[in-house]
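J.: Could you work out the structure for the sequence below:
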Amino acid sequence: MFEDQAMSVVFDGSPLKAMQSSHSLTPQAALSAQELSQEIKSFISGIDTVQGRKLSVREHARCAVRLLRSVPACRGAVLEHLRGVYNEHVSAFLHNLETESDASAGVSSNLEDIIQEVHGVLSEFIRLNPRAWAPLVSAWAVDLLGQLSSKHAGRRVAPHSSSLNELLQLWMSCAATRSLMEAYSQCLSAMLAWCPDACVDALLDTSVQHSPHFDWVVAHIGSAFPGTIISRVLACGLKDFCSHGAKDQGLMVMGTDKGSRVPKIGSVVGILGHLAVHHSDSIRKELLRMFQESLSPSSPLSPTTSSTSWESSPQLRHAAVPFLLQLAAMSPNLFGALSAELVELLRPPVLLQLQALLQGLPREELDNMLGLAVHLISQSQSGGARVLRFLADTATPASVIISGPTPSPHEGVREGCDRLLQMLLLHLHKLVFNRSDGSEVNPHHSASPQPKRVIPFLEELQSHIGELCAETLRLERKRHLWLHQLLCLLSVYGGPSVATEAFCQLLTQARNPEELALAWQLHTTLSSCMVGLIAAAVARCVAQIHTHTLGPKQLRQLLLNLAAAIQSQDEERRGAAAGVQSSMAVQVGSAVSINLHDFGPLLLHGDPAVSHAAVRLLSCSPLPRTSSPAQLLLLSRASVSHFFLSLRRTGEVGSVGRDGGQAGEAVNYSVQLLSRLAAHSPLTLKAILQQLVEGALHKGNADLFGGQATDMSGAPVTAPSVSPDLGASLLDINCRFGTTVNFSGSVWSVFHAGVIGKGLKVRTARQLPDPSGVIQNIQILLSVIVQCCSSSGLNGSINGSRPPSDPDEPLPINAEAAKVVAVTLVENVCPDVANGELSWPPEEHARTTVERDIHIRRCFEAHPVLFPLLQVVAAGRPALCYCSAVLRGLLGTLLAHWEACREVLSTDSPWHLQASCLLVSCMGEGQLLPPVLANVHEAFPHITPFEVRLLLLAVWEYVRGNGPMPQKFVFNSERGLFCRDFSRDGDVARYVAPIHSVLHKNIDRLGHLCWRFQL
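T.: Numbering: from 1, shown residues only. Down below sits the predicted model:
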């Protein structure tokens, strides 16, 4: 009966003769009915009906091919039989590879001919009648490929399933599997136009059953038909996902039995994962298209749309978003392809559509989706900063002004993002604090500790610390709290390096106390698990200063914030409250103190704002207990240089306005810094005093104190335009010098008269600076020097720096400090003076030092600040003794002037009168003169120049007879000063006689001063 049915079959109305005649491989004449009957019997029994023997494998396969060609109705039985033929060929092929046999004439060679013939027959059938043959052959080919791949996966020559390229190369070199792959590709090409789902469903079903050994087939087919496979695989996966229920998708993320719930989704992930290597753009576009189509309103089907398209089903459209979430959760590659542009699509209209879609979901399913979304965000390896910004912008309350073009979101959308962000922070908190640490789990076996679990979201955010800190410091309601909490989690996760960077960024970017408080809050949170965070942050800031990473504004803000942190300790003390912030202030001060030598050069920064911030920081930071002398000297020199720069900036900008106020603050901070440095150690005190005196007399700073630049002789420097070059030749002048110049005087008289070839020196009109500014600068300089000299940095406990009993009484000036000022003053005014020149020669012997004396007098003329400095020296007795040579030279020039003066009154020579008064006053203050002689300057304005000379000559004689020796001073422990007992110096009356003579002669003008000259 089977034979009769087989003989009478005409498949799909196509004549058998037409199919046979159209065969392109081995065209044969049509078999007769008797021959077909014999072929069917032989195929069924496996015995040759003519010869009565058993058919071999090759002969049996040939019989099956003839039946397939002649009787298409036998296709089911024939294809089933051919499974064994293909399996036999694959087995022989792998066996030859395993034994490395070169003999290729065995079963494999004969069956390869049969396989080629079968492939030709099937290919021709599919070409002529695809609707009848393509579904059948495609299902048969893909199922057989899956069986062969799984059955022979354990063979020795078969690569591991993860080695996809090697596996693909192996199977494509086998004729049987290559033939099946080509047949399936032909079927898929034929079915694309009218029924692609059946072909893709077969591929998915086989992938679920035989994965991962079947992945090479999927990879090859997907590479050949990327667009079709991607779209149809997603559609089939969505249908299967919806049919198995979408409510369990949240459980599948952590579950172990994914395939039992939604069988095909694992296969979908595998297929798309393979295709993502070369077709990531197509996958991304298709995923985003599916997301957009699921949110758009339903529209009538177009004529080109398939009736089975998922877009036409409301149920499938509602399940698309959970399906995409599930795909992303199961494949990081797919999530990366999806998340790159998904955030850009989530504009307010799309968010409203998404909210409308999710509102209809049950609460349990919605919670699962949110949990899945949180899991996906925490596992995202790229785009985390963009996702975070989107969530923060969308979740920010509408009352907060959001910077940028982002409009205010809908309230429901905002609440949803708020909830999602809160869940994300809670999830990250659990992940960060529940990470496994091998050293804690098994402390006895720490040789190979278990590494901590990586959190991709936080890993990616580590490169955005600066942006995260900037957003946190915006202090927007709720927003900065979320970001600050995330910053803490990121610091704990990243360890000390990330925590240090975050703390350093907050210190650099904070612009007010409220923003700076966030840094202290971060430190409070991290202090329980990290030690030395502040010290590490300050060290990092110092490294950024060295590498010039920070701009002027950032550097200024960093210095101001550090200063504010240290000064908060003093405020806490004044407020009688000590807490965590005070402790942090101590740590900041200690860290800055360690790196003080690195902050010192910033005092001379080109930006005044930076230097101002630097001096503010250094003036309040504690000084290091131990530091190298070189570092202390560099810091002292930078501080003194900044002091003079601050004075100049104050004079340039004035004292009015913001710039003037900052300049005045800079001077005050500079004074405070110098005072603290001077009290730190004897080395710094000596260096600061020397540099202050040298800086005040330097030609670059002379104008600040009413002085002017001088040449080597002490004479004011003449402007080039005042003394033009006459073109004189020095050689010609010298040739005539001996016959034209009279040497009756000395060579110095010629030198001081002018320059050879240019005539007499021209006295230029001196440009007087602002008197009030000069007086203020001199007062500031003197206050700095007095404060430094009053400190206990240089043998203070021995030489009288004991605090006075009256709090309003100023501290006494340290004798050793005053000596430093005296020695430095002498070295700068007259460098050629020896230290031992303390005794005074007779007045007539002073002519041997005329040149030096003139130089000293010109220095005092050019630098008005010298007399106030002498007064400071005089207050630190017996330091004025070391200025003996300067005093002697100045007094000698004054005597010469008054002797040659022909004016009626001394007031006609105002500078000399003032110099004489100040000189005698200083000598009296320094106790180089007894009180009766120290008061003679009070009579100078009322007498003639000759009488002034008589009184100064009496002063000279007394000092010459009673030399200014430091040994004559005795320390008074009650007063804390060195004092001189003039009763040991002999009778003073013989020096007072000229004074009484002048008093008697001018009794009408000096009567009120007589009591000042009583012995």
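J.: Start and end of stretch 923-939, how far apart?
T.: 16 Å (CA to CA, to the nearest Å).
J.: Now do the strands in this structure.
T.: Ranges of strands in the chain, per DSSP state E, are 754-755, 759-760, 969-972, 977-980.
J.: what mean pLDDT does the third one have?
T.: Meaning strand 969-972. Averaging pLDDT along strand 969-972 gives 80.
J.: Name the residues of that strand that are buried.
T.: Buried positions in strand 969-972, judged by neighbour count with 16 or more other CB atoms under 10 Å: residue 969. (Glycine included, C-beta is placed from N, CA and C.)
J.: Tell me the helices and strands packed up against that strand.
T.: strand 977-980 (3 or more CB pairs under 8 Å, 6 or more residues apart in numbering; DSSP states H and E).
J.: what pairs with the strand it packs on, and is each one parallel or antiparallel?
T.: Paired strands of strand 977-980, with direction, are strand 969-972 (antiparallel) (DSSP bridges).
J.: mind exporting the strand it pairs with as CSV, just the C-alpha atoms?
T.: C-alpha atoms of strand 969-972 as CSV (Å, rounded to 0.1, in the frame of the first residue of the first chain):
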residue,chain,number,x,y,z
PHE,A,969,76.4,98.0,81.0
VAL,A,970,75.0,95.8,83.8
PHE,A,971,71.8,93.8,83.6
ASN,A,972,69.0,95.0,85.9
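J.: Show me the contact partners of that strand.
T.: Identification of contacts with strand 969-972 by CB atoms under 8 Å, 6 or more residues apart in numbering yields 799-800, 877-878, 927, 977-981.
J.: Turn those into JSON lines, columns for neighbour count and distance to residue 999.
T.: Converted to JSON lines, the contacts of strand 969-972 look like this (neighbours: other CB atoms under 10 Å; distance: CB to CB, whole Å):
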{"residue": "799", "neighbour count": "22", "distance to residue 999": "39"}
{"residue": "800", "neighbour count": "22", "distance to residue 999": "36"}
{"residue": "877", "neighbour count": "24", "distance to residue 999": "29"}
{"residue": "878", "neighbour count": "25", "distance to residue 999": "30"}
{"residue": "927", "neighbour count": "23", "distance to residue 999": "23"}
{"residue": "977", "neighbour count": "20", "distance to residue 999": "31"}
{"residue": "978", "neighbour count": "21", "distance to residue 999": "32"}
{"residue": "979", "neighbour count": "14", "distance to residue 999": "28"}
{"residue": "980", "neighbour count": "22", "distance to residue 999": "25"}
{"residue": "981", "neighbour count": "10", "distance to residue 999": "27"}
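J.: For residue 87, state which of these is nearest.
T.: Closest approach between the contacts of strand 969-972 and residue 87, by CB to CB: residue 799, at 110.6 Å.
J.: For burial, what's the neighbour tally of the closest residue to residue 383 other than its chain neighbours?
T.: Nearest non-adjacent residue to residue 383, counting by CB to CB, 6 or more residues apart in numbering: residue 339, 5.1 Å away. When neighbours are counted by other CB atoms under 10 Å, residue 339 registers 20.
J.: Show the contacting residues for residue 339.
T.: Taking CB under 8 Å, 6+ apart, one finds 328, 376, 380, 382-383, 387 in contact with residue 339.
J.: go again using 7 Å as the cut-off
T.: Shown in contact with residue 339 (CB atoms under 7 Å, 6 or more residues apart in numbering): 380, 383, 387.
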